[in-house]
Every structure is written in structure tokens, then in C-alpha cells.
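A.B. asks: Next one to model:
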Amino acid sequence: MYTILQKYFGYTSFYPLQEDIIKEVLGQRDVFVLMPTGGGKSLCYQLPALLFDGITIVISPLIALMKDQVDGLLANGIPATFINSSLGYGEINVRRQRLSGKEIKILYIAPERLVMPEFLQFLQGLKVSLLAIDESHCISEWGHDFRPEYRQLRLLKEKFPKVPIMALTATATPVVQEDIITQLDFSDCKVFKASFNRKNLYYQIKSKNDPYHQILQYLESRKKDSGIIYCQSRKTVESLASSLHASGYRALPYHAGLTAEARTENQERFIRDDVEIIVATIAFGMGINKPNVRYVIHYDLPKSIEGYYQETGRAGRDGLKSDCILFFSYADKFKIEYFINQKEDENERQVAYKQLREMTNYCESNICRRRLLLAYFGERFDEPTCN
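C.D. replies: So this is what the prediction gives:
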């Protein structure tokens, strides 16, 4: 384990819990891993993949996330690939042949691809040693990012009865954790939970009052720092990115309305430090491995605490002090309520209202932000305040 850790990943020691999780998986047992952003989740399946004979299949929700992970693995000399809708038929065939020829150790796929009967049959014909479900909170309808396709992943137990399954997430309340374990039919799995307390992050809520001017004031002394600014709409993303650009900042937009090529290029320029600021909708950042993000600003109110926590978690992955600033206004709350009202499913509406109420309570509260945030995820913070 330590030889591979150093040879392929460049580390001499593990983060908390990583070694225990890997040992559990190597013992062919199912595991549930709850580890905050930057805690080293990916290594928990990438390292055992190199120790197993067969291939490791990673189920992942986003095309950009798959590409980011595979690029990192290839750079480390690990044979990995992805198969998703961004590839043509011919390229998919080439990758399938490489899988059949045992040339690949780690394969990334989306849940929609996995459950296609013909593709599932192809995977069953390979020697599969480990199944890893990334962003597993998408399985739970109580979570902030429910995706119906993830629900079908309970068939993994039936189709790959002897293969250990690892479910991983950075954001899950106790209710969501329970739901994930039930949905995946984990009868006897070991649960690993790292602390949600990111000590180097400073959480601040500001009254939203001319937010563009407020952002410019904040950036004045941070011109060289990397940061992410989250907005709810594509329109806001575009106008804010161009305003910042006009004010002399190197800022780029990122949202689902851009072409896949433009999104990839903007993301890669941000990772390479060609630009300091990415202005984005929540589509940006899952699994992004950029350690030196010094601030995450929420220009608009997030829809849930889970989403907020996950997005702020992209700051300070190098362990250095970083800021998480949220601009709060009741106008944003009413806007979100309007969209919730458009939902046809009564259950979905109720879940969304509950999440918005919790988010608003967090913003309005005069209790230490860290204490509230940790309590939401079922963790106690015993200090009266974190200053």
C-alpha cells in the first residue's frame, strides 16, 4: 500500500481514515465513506484499484468530473479511461476493446450508461474487482442532488454479487446516509465518517446590498488569489463575469449553456492559473482538484445547506486559510420559492421547502456559523464559538 501510495500518488502517509477504508475494501467488504471535500475520497478507490487483479468501475455523475479524474490518473501513470456521451461510437468501441484486453485499471461511467442492458452485459463479461459510487448522495431523494438514475444502482448487488461496493459522498445528513445504505442493499457495511469541520475555512454571511460593489471591495486586496463566485442563473454568471473582466480582473464564466468545449477550456484555464476567477452556476467544481482556491463567494442564496457546504468545500483544499462569503437577501429567498412552486411533485416540493428553510435559518442565526453547519450534519462542535 505504502509503495503504491508513494510511487503513483507522491504521498508518504495517508489522510485520516484512508488506510482503514482501503484495508476494508481489500478484504472484499462493502463500505460507506462520508468525507468532506479535500479529505481524499478518490484515493480510497484509486489505490486499491492498483492492488486488485481486475478493473475498478467508478460511477460518477458528471462528464467534466470524469475527464478531470482520468486526466489526473493518466498523468500519474495509471491506465484509466471513461465512457460517456461526449464520445463517438468508434471511440467507445476502441475503449471497450482496451477494457476487454485488460489494458485499463479504472473505468469511469455515468449511472445511465451502467444500467443499459447491453452495456451491463459487457461489464459482466469483464473481471470486475471493485465498484465505487461517487457522489452517492444522488441516490437519496432526501439529498440536495437527487438523480432518479442513481436509484437503479441497487441492481449492482444482484449483477455483481461477489464484488465489494464502495459508496462515497462529501455531503449527507444522517437521514441521507441511512437512505443510501438502504437503497444500495448494504446489509453489513462498515461506515466511515470523517469530521465535517474544515478548520481553515472562514464562514461569513453579509447582507446583500449592491453585491457587485461589495465583491470589488473584497477583491481589491486579493487580485492574485484564485476564487470561485457562484450565481443561481446563467444570465447573472455572464453579466458578472463580463463586469469583472471590464474592471480588470481575469474572470471566465461557467454554466450549462456554454458548449462542452468552452466549459472544458474555461475550467482548465482556471486550474492552470491562467485566470484567477471562475463565475459559475452550481454545475462547476464537482471533484475539481485545485488546492489553492482562496475564496468561494455565493452571489445568490444557495438552495440547500448541503449544496452550500459542498461548494464552500472547494476553498482551501491545501489547508491554508480561505474565505467563504455568502450574500443574503430575502429577494433571493422569494425567487427560489417561486421556482419551488413550479415543481409538480408534492414530495419534491416539500423537500425543497425544508432545505430552503434550513438555509434561511442558517443565514439569519446569530449562533457561531461553524457550530450550526456541523450540527446540520450530525456533528457536535463543543467550543462556544470558533471566533
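
A.B. asks: Output the below-cut-off pLDDT ranges for this protein.
C.D. replies: 143-144, 283, 285-288 (pLDDT under 70).

A.B. asks: what are the ranges of the strands in it?
C.D. replies: Along the chain, counting by DSSP state E, strands occupy 31-34, 55-59, 80-83, 106-109, 128-133, 165-169, 190-193, 201-207, 226-230, 251-254, 277-280, 293-298, 322-328.

A.B. asks: what's the burial count for the nearest residue to residue 363 once chain neighbours are set aside?
C.D. replies: Residue nearest to residue 363 in three dimensions, not counting chain neighbours: residue 328, with 4.4 Å by C-beta to C-beta, 6 or more residues apart in numbering. Bear in mind the C-beta positions are built from the backbone N, C-alpha and C, glycine included. When neighbours are counted by other C-beta atoms under 10 Å, residue 328 registers 18.

A.B. asks: State the distance from residue 328 to residue 365.
C.D. replies: 11 Å (C-beta to C-beta, to the nearest Å).

A.B. asks: which ones are touching the residue nearest to residue 277 when sequence neighbours are not counted?
C.D. replies: Closest residue to residue 277 apart from its sequence neighbours, by C-beta to C-beta, 6+ apart: residue 251 at 3.9 Å. Neighbour list for residue 251: 240-241, 244-245, 275-279 [criterion: C-beta atoms under 8 Å, 6 or more residues apart in numbering].

A.B. asks: okay, these in a markdown table with neighbour count and distance to residue 88 next?
C.D. replies: Shown next, in a markdown table, are the contacts of residue 251 (neighbours: other C-beta atoms under 10 Å; distance: C-beta to C-beta, whole Å):
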| residue | neighbour count | distance to residue 88 |
| --- | --- | --- |
| 240 | 21 | 35 |
| 241 | 24 | 31 |
| 244 | 22 | 36 |
| 245 | 16 | 34 |
| 275 | 17 | 30 |
| 276 | 19 | 35 |
| 277 | 25 | 34 |
| 278 | 27 | 29 |
| 279 | 30 | 31 |
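
A.B. asks: Residue 127: neighbouring residues, count only.
C.D. replies: Residue 127, neighbours per other C-beta under 10 Å, totals 10.

A.B. asks: Hmm, it is touching residue 54, no?
C.D. replies: Yes - judged on C-beta atoms under 8 Å, residue 127 makes contact with residue 54 at a distance of 3.4 Å.

A.B. asks: any idea how far residue 12 is from residue 23?
C.D. replies: Residue 12 is 18 Å from residue 23, by C-beta to C-beta.

A.B. asks: same thing with residue 250?
C.D. replies: Residue 250 is 45 Å from residue 23, where distance means C-beta to C-beta.

A.B. asks: before we move on, back to that, save the contacts of residue 251 as JSON lines, and put in distance to residue 341 too.
C.D. replies: Converted to JSON lines, the contacts of residue 251 look like this (distance: C-beta to C-beta, whole Å):
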{"residue": "240", "distance to residue 341": "26"}
{"residue": "241", "distance to residue 341": "29"}
{"residue": "244", "distance to residue 341": "33"}
{"residue": "245", "distance to residue 341": "35"}
{"residue": "275", "distance to residue 341": "37"}
{"residue": "276", "distance to residue 341": "38"}
{"residue": "277", "distance to residue 341": "33"}
{"residue": "278", "distance to residue 341": "31"}
{"residue": "279", "distance to residue 341": "28"}
